[in-house]
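A.B. asks: Provided below for reference: sequence and predicted model.
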Amino acid sequence: MRYQRWFTPWVLVIPALTWLLVFNLWPSVNTVILSFTNAKPLGGGTFVGLRNFETLLQDEQLRWALLNSVIYMVVCLPFLTVLPLLLAVLVEKKLPGITFFRTAFYTPVVASAVVVALIWQWILDDRGLVNGLAEKLGVISGPLPFLSDQWLLLFSAISLTIWKGLGYYMIIYLAALGNVGRDLHEAAAVDGAGPLRRFVHITVPGVRGTMILISILISVSALRVFSELFILTGGKGGPGGRDNSVVMLIQQYSQGFEGNLGYASALSIVLFFVTVVPMLILARLNRRGAEA
């Protein structure tokens, strides 16, 4: 009987542990191994030492991809941290028809990223809705190159990401707002504090932990962006490949029979460290705030 009690937990854990080892741990270890080779998708390859990482230092496409990723994160972080909180505060109130607005804000989240990006591609095209409407109103004399200019394309993709992510983070904030005591707001209102003051001194501190969590999620997602840029650029990375993200570069270098899995693996390791840095910084800020 004692033997069965000792063995039973392992029977329950082994399937999940096997899944973790096969589909998480081994691919990670294999990526590190491949980064030191010139392996191809069909196998083979030899040990090349640090050659792939030396090539990374001279890769102009990677420099542009890292710059795009950092810009993506810097722009998305404040917008997707603050705007969803404001929306959550607004739709939290129990008013007639508020359910409609909650649903409207959340609808882009459940829509496929590919479908949404294709719709935005149609809207931002030279003959799309935005340019057509602006020309009829006399705001512009010719179409704006949203999908062919390097920076307009990048910020169009950022706008798409912000628009699609508002509802998702709004729901997270709604759950967090439920833990902010109503009695604090009522006491502050009795003392003469207005809505803005209550928001700054009660609501924001009450959801501070959630804001840190959302900031981490936004940072990682922005640095790993793929679908928005891939669809809007037609998979080509924009003019001269200068609107690539690091994930797009990994996909480009690893695809096809002659793809360079070794170099793509080295890029994956770079992406890992790039995403870990903001996570560690935000986690450190969270701990300092908790200790204070």
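C.D. replies: Looks like it came in fine. Values in this document were obtained by computation on a predicted structure and should not be read as measured data. Residues are numbered from 1 along each chain as shown.

A.B. asks: what sits against the closest residue in space to residue 267 that isn't next to it in sequence?
C.D. replies: Spatially, and ignoring its direct neighbours in sequence, residue 267 is nearest to residue 250 (4.9 Å; Cβ to Cβ, 6 or more residues apart in numbering). Where C-beta positions appear, they are placed from N, C-alpha and C, glycine not excepted. Shown in contact with residue 250 (Cβ atoms under 8 Å, 6 or more residues apart in numbering): 264, 267-268, 271.

A.B. asks: now do the buried residues in the helix or strand encompassing residue 70.
C.D. replies: Taking DSSP states H and E as the criterion, residue 70 maps to helix 60-92. Taking 16 or more other Cβ atoms under 10 Å as the neighbour-count basis, helix 60-92 is seen to contain the buried residues 61-62, 64-66, 68-69, 72-73, 75-77, 79-81, 84-85, 87-89, 91-92.

A.B. asks: hang on, the residue nearest to residue 267 in a helix?
C.D. replies: Yes - counting by DSSP: H, G, I helix; E, B strand; the rest coil, residue 250 falls inside a helix.

A.B. asks: quick one: it from residue 277, how far?
C.D. replies: Here the distance between residue 250 and residue 277 works out to 18 Å (Cβ to Cβ, to the nearest Å).

A.B. asks: do the same with residue 159
C.D. replies: Plainly put, residue 159 is 25 Å away from residue 277 if you go by Cβ to Cβ.

A.B. asks: what do you get for residue 270?
C.D. replies: Computed as Cβ to Cβ, the residue 270 to residue 277 distance reads 11 Å.

A.B. asks: comparing those two, which residue is more hemmed in?
C.D. replies: residue 270 (20 against 11; other Cβ atoms under 10 Å).

A.B. asks: what about the chain, any weak spots by pLDDT?
C.D. replies: Counting by pLDDT under 70, the chain contains low-confidence ranges at 1-4, 289-292.

A.B. asks: let's see 50
C.D. replies: Counting by pLDDT under 50, the low-confidence segments of the chain come to 1.

A.B. asks: if I look at the spatially most central residue of the chain, how far off is residue 190?
C.D. replies: Among the residues of the chain, the one closest to the centroid is residue 221, at 1.7 Å (Cα atoms, centre = their mean). Using Cβ to Cβ, we find residue 221 at a distance of 41 Å from residue 190.

A.B. asks: do residue 126 as well
C.D. replies: With the distance defined as Cβ to Cβ, residue 126 ends up 58 Å from residue 190.

A.B. asks: what does residue 66 give?
C.D. replies: Between residue 66 and residue 190 the distance is 52 Å, computed by Cβ to Cβ.

A.B. asks: circling back to that earlier point, can you name every helix or strand that the helix holding residue 70 contacts?
C.D. replies: Using 3 or more Cβ pairs under 8 Å, 6 or more residues apart in numbering; DSSP states H and E as the contact criterion, the secondary-structure elements in contact with helix 60-92 are helix 98-110, helix 150-177, helix 208-223, helix 246-254, helix 261-291.

A.B. asks: out of the ones you listed, which is closest to residue 138?
C.D. replies: Comparing the helices and strands packed on helix 60-92 by their distance to residue 138 (Cβ to Cβ), the top pick is helix 150-177, with 20.4 Å.

A.B. asks: what packs against that closest one?
C.D. replies: On a contact count with 3+ Cβ pairs under 8 Å, 6+ apart, helix 150-177 meets helix 60-92, helix 98-110, helix 113-124, helix 208-223, helix 227-232.

A.B. asks: export the last one as CSV, just CAs?
C.D. replies: In CSV, the C-alpha atoms belonging to helix 227-232 read as follows (Å, rounded to 0.1, in the frame of the first residue of the first chain):
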residue,chain,number,x,y,z
SER,A,227,1.8,38.7,-37.8
GLU,A,228,1.2,42.4,-38.1
LEU,A,229,4.5,43.2,-39.8
PHE,A,230,4.4,40.0,-41.9
ILE,A,231,1.0,40.7,-43.3
LEU,A,232,1.4,44.4,-43.9
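
A.B. asks: elements contacting it?
C.D. replies: The criterion is 3+ Cβ pairs under 8 Å, 6+ apart, and the helices and strands that helix 227-232 contacts are helix 113-124, helix 150-177, helix 246-254.

A.B. asks: what residues does that helix touch?
C.D. replies: Everything outside helix 227-232 that qualifies as a contact, by Cβ under 8 Å, 6+ apart, is 68, 113-114, 117-118, 120-121, 124, 147, 153-154, 156-157, 160-161, 237-238, 243-245, 248, 251.

A.B. asks: can you put the helices and strands packed on helix 227-232 in CSV and add distance to residue 99?
C.D. replies: Shown next, in CSV, are these (distance: least, Cβ to Cβ, whole Å):
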stretch, distance to residue 99
helix 113-124, 23
helix 150-177, 12
helix 246-254, 36
